[in-house]
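Enquirer: Sequence first, then the predicted structure, then my questions.
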Amino acid sequence: MTEYVIIGDGISGSSAAETLREEDPDAKITVITDEGEALYNRILIKEHAKGKLPEAPISIHEEDWYAERDIELSLNTHVTTVDTDDKIVRTHEGDDISYDKLLIATGGTPTQLPVENSDADGVHHFWTFQDARRIRESAENAEDAVIVGAGLLGIDFAAICGAQDVEGKYLMRGDRWWRYALSGDGAEIMHQAMRDVGVEPVFDSGVDHFETDDEGTVTAAVDPNGDRFECDFAGVAIGLTFNTEFLHDVDLEMDNGILVDEYMQTNLEDVYAAGDITRFYDVLLGQQAQNGSWGSAKEQGRVAAVNMAADTKEEEFEWVSSYSITHFDFPFLSFGHPTLGDEHAERRYSDTEWRRVAFKDGKIVGGVLIGDLSPQSKFKQLMREQRDVVDQADVLLEKQVDLDNLAPSQEQ
């Protein structure tokens, strides 16, 4: 009987556990997580924090889901170290859990701002369900907010402020939101959406330090220019610090994440990784890449499990990810790797419609759609086909994209 151990019960770890049970009905499967509740929907916790959703719809798996599949779930359990020679996982309670094959799916923890008083009461990071509960309660009692982190996660705080009628200042280091993927035209659509919900973007800013009252509660943020912004709520979303501290004695190859091949295997035999924590080999890009989307993490967990259960490596991870934002009156979607392009084509169609396609070596590697998401499946198809279309960007920017208008692909 094969023994599988999965560290982490996010969507990648849970997807792996479910797949392993399907692939190996007689195996022993153990899932270890330091959280106090089973898998929940990280996408929907935003709606809970906004005050739009009660807790009930957010849970995905109750504990009996694991029992029904004969999967052992260990909640509130911290892994202290992994011995890959003897194939043992050690926990904070002194338990030794043996494995034949191991999956690391521990994700990350929000990075704290390295400034004075960044741990003050009222300064929030957004990752877990428990975070969402605290943010909701704090925002309901707040009047003024500061948001830091001009990326996909930071905008969730802007939406929360808008939903909870909190006046916000969004402090951005550069001249626009998500400047690595958006030009000025696209970013301005998002800036106006923020203003419409009561959140004002402040450019070339950031936080030098927070001020607090005598009780240690945040009262203001001071930016590097010396400008002071009063707040009783602060949301910080400047990225993830990967949860790898328990791997300090393990000879895993890492480069801002655990390096895995296209089969989700690390450099160590019988050790796999999946989810946010990985830098995976993207077979479409032909290079290592990272992606934090829910769909990508779920598929990585499934592919890792298929290969863990097989005698030989069976399936490559090939995925075109997408990340959507539904907080405003218009939809927003990024797909693929929009920040990795060496060329770009874009067009603005209206006050709330804009499109940008990123190319690398002539092929689409990602893009951003605002207002009209209808071309996404066609762009993803071209990515999977790896067609060289950079010279036909005009076809891709037509309001209605018709792939039949593209010149036939040339045989290589």
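Expert: Cool, the structure landed. Numbering: from 1, shown residues only.
Enquirer: Kindly confirm my reading that residue 191 is in a strand.
Expert: No - with DSSP: H, G, I helix; E, B strand; the rest coil as the criterion, residue 191 is located in helix rather than a strand.
Enquirer: thought it was touching residue 175?
Expert: No - using C-beta atoms under 8 Å, residue 191 makes no contact with residue 175, being 10.5 Å away. In short, each C-beta sits where N, CA and C put it, glycine included.
Enquirer: Which one's more surrounded, those two?
Expert: Here residue 191 and residue 175 are set side by side on neighbour count (other C-beta atoms under 10 Å), and the busier one is residue 191, at 19 against 12.
Enquirer: so how far is residue 150 from that one?
Expert: Using C-beta to C-beta, to the nearest Å, residue 191 is found at 10 Å from residue 150.
Enquirer: And residue 197, by the same measure?
Expert: Counting by C-beta to C-beta, the gap from residue 197 to residue 150 is 16 Å.
Enquirer: Quick check: buried residues in the strand or helix carrying residue 145?
Expert: Following DSSP states H and E, one finds residue 145 within strand 144-148. Judged by neighbour count (16 or more other C-beta atoms under 10 Å), strand 144-148 contains these buried residues: 144, 145, 146, 147, 148.
Enquirer: Would you confirm that residue 20 belongs to a helix?
Expert: Yes - with three-state DSSP as the criterion, residue 20 is located in a helix.
Enquirer: Just to check, it is in contact with residue 4?
Expert: Yes - shown here, residue 20 and residue 4 form a contact pair, counting by C-beta under 8 Å, at 5.4 Å.
Enquirer: Which neighbours do the two have in common?
Expert: Contact with both residue 20 and residue 4 is made by residues 27, 29, 308, according to C-beta atoms under 8 Å, 6 or more residues apart in numbering.
Enquirer: who does the second one bridge with?
Expert: Note on residue 29: beta-bridge partners residue 4, residue 71, judged by DSSP bridges.
Enquirer: which residues sit in contact with it?
Expert: Taking C-beta under 8 Å, 6+ apart as the criterion, residue 29 is in contact with 4, 6, 17, 20, 21, 69, 70, 71, 72.
Enquirer: which residues in the stretch 251-400 of the chain form helices?
Expert: If you assign secondary structure with DSSP state H, counting those that start in this stretch, the helices in the stretch 251-400 of the chain sit at 294-309, 376-385, 393-396.
Enquirer: Which helix or strand contains the closest residue to residue 33 other than its chain neighbours?
Expert: Computed as C-beta to C-beta, 6 or more residues apart in numbering, the closest residue to residue 33 that is not its neighbour in sequence is residue 9, at 3.7 Å. Per DSSP H and E, residue 9 falls between elements, in no helix or strand.
Enquirer: Count the neighbours of residue 9 for me.
Expert: Summarising burial for residue 9: neighbours were counted as other C-beta under 10 Å, giving 26.
Enquirer: ok, it touching residue 35?
Expert: Yes - contact criterion C-beta under 8 Å: residue 9 and residue 35 qualify, at 6.7 Å.
Enquirer: picking up where we left off before, give me whichever of the helices of the stretch 251-400 of the chain is most buried.
Expert: Each of these was assessed for mean neighbour count using mean count of other C-beta atoms under 10 Å. The highest is helix 294-309, with a mean of 24.
Enquirer: list the helices and strands that one packs on?
Expert: Contact partners of helix 294-309 among helices and strands, from 3 or more C-beta pairs under 8 Å, 6 or more residues apart in numbering; DSSP states H and E: helix 11-23, strand 101-104, strand 271-273.
Enquirer: can we see that at 7 Å?
Expert: helix 11-23, strand 101-104 (3 or more C-beta pairs under 7 Å, 6 or more residues apart in numbering; DSSP states H and E).
Enquirer: Now list the buried members of the contacts of residue 29.
Expert: Neighbour counting with 16+ other C-beta under 10 Å marks 4, 6, 17, 20, 21, 69, 71 as buried within those.
Enquirer: between these, which is closest to residue 171?
Expert: Residue 171 lies nearest to residue 6 out of the buried ones among the contacts of residue 29, by C-beta to C-beta, at 38.5 Å.
Enquirer: quick one, the helix or strand containing that closest one and helix 11-23 angle?
Expert: For residue 6, the host element (DSSP H and E) is strand 3-7. Direction vectors for strand 3-7 and helix 11-23, defined by axes from the mean of the first three to the mean of the last three C-alpha atoms, to 10 degrees, enclose an angle of 160 degrees.
Enquirer: neighbouring contacts of strand 3-7?
Expert: When contacts are taken as C-beta atoms under 7 Å, 6 or more residues apart in numbering, the neighbours of strand 3-7 outside the stretch itself are 13, 16-17, 20, 27-32, 79, 89, 97-106, 308.
Enquirer: which stretches of the stretch 151-300 of the chain form strands?
Expert: For the stretch 151-300 of the chain, the strands identified by DSSP state E, counting those that start in this stretch occupy 167-171, 199-202, 209-212, 218-222, 228-230, 233-236, 240-242, 258-259, 271-273, 278-282, 287-289, in order along the chain.
Enquirer: export these to JSON lines and tack on distance to residue 46 and mean pLDDT?
Expert: Rendered in JSON lines, the data for these read as follows (distance: least, C-beta to C-beta, whole Å; pLDDT from 0 to 100):
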{"stretch": "strand 167-171", "distance to residue 46": "15", "mean pLDDT": "98"}
{"stretch": "strand 199-202", "distance to residue 46": "15", "mean pLDDT": "98"}
{"stretch": "strand 209-212", "distance to residue 46": "24", "mean pLDDT": "98"}
{"stretch": "strand 218-222", "distance to residue 46": "22", "mean pLDDT": "98"}
{"stretch": "strand 228-230", "distance to residue 46": "23", "mean pLDDT": "98"}
{"stretch": "strand 233-236", "distance to residue 46": "12", "mean pLDDT": "97"}
{"stretch": "strand 240-242", "distance to residue 46": "16", "mean pLDDT": "92"}
{"stretch": "strand 258-259", "distance to residue 46": "27", "mean pLDDT": "98"}
{"stretch": "strand 271-273", "distance to residue 46": "26", "mean pLDDT": "98"}
{"stretch": "strand 278-282", "distance to residue 46": "23", "mean pLDDT": "95"}
{"stretch": "strand 287-289", "distance to residue 46": "25", "mean pLDDT": "91"}
